[in-house]
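Peer 1: Could you work out the structure for the sequence below:
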Amino acid sequence: MITAEGLTKRFGDKTAVDDVSFTVQPGKVTGFLGPNGAGKSTTMRMIVGLDRPSAGSVTVNGARYTTMRAPLREVGVLLDAKAVHTGRTARNHLRAMAATHGIPSRRVDEVIELTGIGAVARKRAGKFSLGMGQRLGIAAALLGDPQTLILDEPVNGLDPEGVRWVRQFVRYAAGEGRTVLLSSHLMSEMAQTADHVIVLGRGRVLADAPLDDLVRSWTTNTVRVRSPRASDLVALISGPDVEVTALEPGLLQIAGLAASRIGDIAAERAIPLHELTPTTGSLEDAYLALTGDAVEYVSKEIA
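Peer 2: Purely as a prediction, here's the structure:
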């Protein structure tokens, strides 16, 4: 379990993390989301003692990371996959880490096989592709067989097989009762992986909820309807709780009325329907709605 209480970090006159409190429960994959500059990386760095909080505290299983006698056995961390000795081979990099914690060499071989880097284990890490560097970083995080995993953008640079492997692995780890905190900018991937979501914006917690609850609270279900008599249908379904948007001639987007009811109304008046498609909100929709006012860098919309 990871517990943050009133966690704050200031860099000069800039507050990167502002009175943040949350709990990451074991047995779940917790997604950590937020725009660039939201404070996610700073928060993760404070969890593992790389940044000292200006105020508040954060513990892992009741202890501060900096007080742990064998942190690799307690917490597996991937914050910067490039943080390796570029002149060492992948195997020697892992062996050096293992030696600091009395981890046997057979565990090095296990994580090399687990992460699929056996073919390049004897190559220098400085020559690795981005994807292979990520796999090495994940191997290092798993080295001590920890009960807590903190992974910052673990699928960055991975091919589709690697992305699927990470997804399956973190789900498996959570299923074993481990605590998993996972950040990613890939909303579609997070939607398939996370059970619970914490969203930061401008250093503050914007949401802390089960993924399904978050999507339900911040999105609207709609129905796409295509008909040659769209205007007649609009007149029949209009009401104070129904919102109709004309997407193009003959194509409507309707909120506030179920697809079944729209179909019944159309059938009663013999209005032909060429499309009747319910659509549900996504994690991406909820995320954009939540963080719309918390984005530090806003791109210009394309017309």
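Peer 1: Give me the neighbour count for A173.
Peer 2: A173 has 21 neighbours, counted by other Cβ atoms under 10 Å. Quick note: C-beta positions are derived from backbone N, CA and C, even for glycine.
Peer 1: which SS class is it?
Peer 2: Taking DSSP: H, G, I helix; E, B strand; the rest coil as the rule, one finds A173 in the helix state.
Peer 1: ok, for it, nearest residue in space, not its chain neighbours?
Peer 2: Leaving out its chain neighbours, the residue that sits closest to A173 by Cβ to Cβ, 6 or more residues apart in numbering is V180, at 5.6 Å.
Peer 1: ok, what's across the strand from the one you found?
Peer 2: Legend: beta-bridge partners of V180 under DSSP bridges are V29, L149.
Peer 1: so how far is D195 from it?
Peer 2: For V180, the distance to D195 equals 9 Å [Cβ to Cβ, to the nearest Å].
Peer 1: who's more crowded, these two?
Peer 2: Each of V180 and D195 has its neighbours counted (other Cβ under 10 Å); V180 has more, 30 against 16.
Peer 1: could you check the distance from the more buried one over to Q134?
Peer 2: 16 Å.
Peer 1: In this structure V225 contacts P278, no?
Peer 2: No - if you go by Cβ atoms under 8 Å, V225 and P278 don't touch, sitting 10.2 Å apart.
Peer 1: okay, these two: which has more neighbours?
Peer 2: Applying other Cβ under 10 Å to V225 and P278 shows that V225 carries more neighbours, namely 27 against 13.
Peer 1: Give me the secondary structure label for the more buried one.
Peer 2: On the basis of three-state DSSP, V225 is classed as strand.
Peer 1: and the closest residue to it other than its chain neighbours, which of the three is it?
Peer 2: Leaving aside its sequence neighbours, V225 sits nearest to L252 (Cβ to Cβ, 6+ apart; 4.6 Å). With three-state DSSP as the basis, L252 sits in strand.
Peer 1: Look up how far T86 lies from L252.
Peer 2: Note on L252: its distance to T86, by Cβ to Cβ, is 58 Å.
Peer 1: again, but for G292
Peer 2: 41 Å.
Peer 1: Burial check on A209, number of neighbours?
Peer 2: Residue neighbour count, defined by other Cβ under 10 Å, stands at 16 for A209.
Peer 1: So it is in contact with V215, correct?
Peer 2: No - using Cβ under 8 Å, A209 is not in contact with V215; the gap is 9.4 Å.
Peer 1: Just the element for L136, please.
Peer 2: helix 130-142 (DSSP states H and E).
Peer 1: what is the mean pLDDT for that helix?
Peer 2: In this model, helix 130-142 has a mean pLDDT of 91.
Peer 1: Repeat that for stretch 215-235.
Peer 2: The model assigns stretch 215-235 a mean pLDDT of 94.
Peer 1: So what touches that stretch?
Peer 2: Contacting residues not belonging to stretch 215-235 are listed as 207, 209, 244, 246-247, 249-255, 257-259, 262, 265-266, 269, 271-283, 285-286, 289-290 [Cβ atoms under 8 Å, 6 or more residues apart in numbering].
Peer 1: Show the contacting residues for A194.
Peer 2: Contacts for A194 were tallied using Cβ under 8 Å, 6+ apart; they are 29-31, 182, 211.
Peer 1: which two in the residues you listed are spaced the farthest apart?
Peer 2: Farthest pair in the contacts of A194 (Cβ to Cβ) is L182 and L211. Separation: 12.0 Å.
Peer 1: Next, count neighbours for D208.
Peer 2: Residues contacting D208 under the criterion other Cβ under 10 Å number 17.
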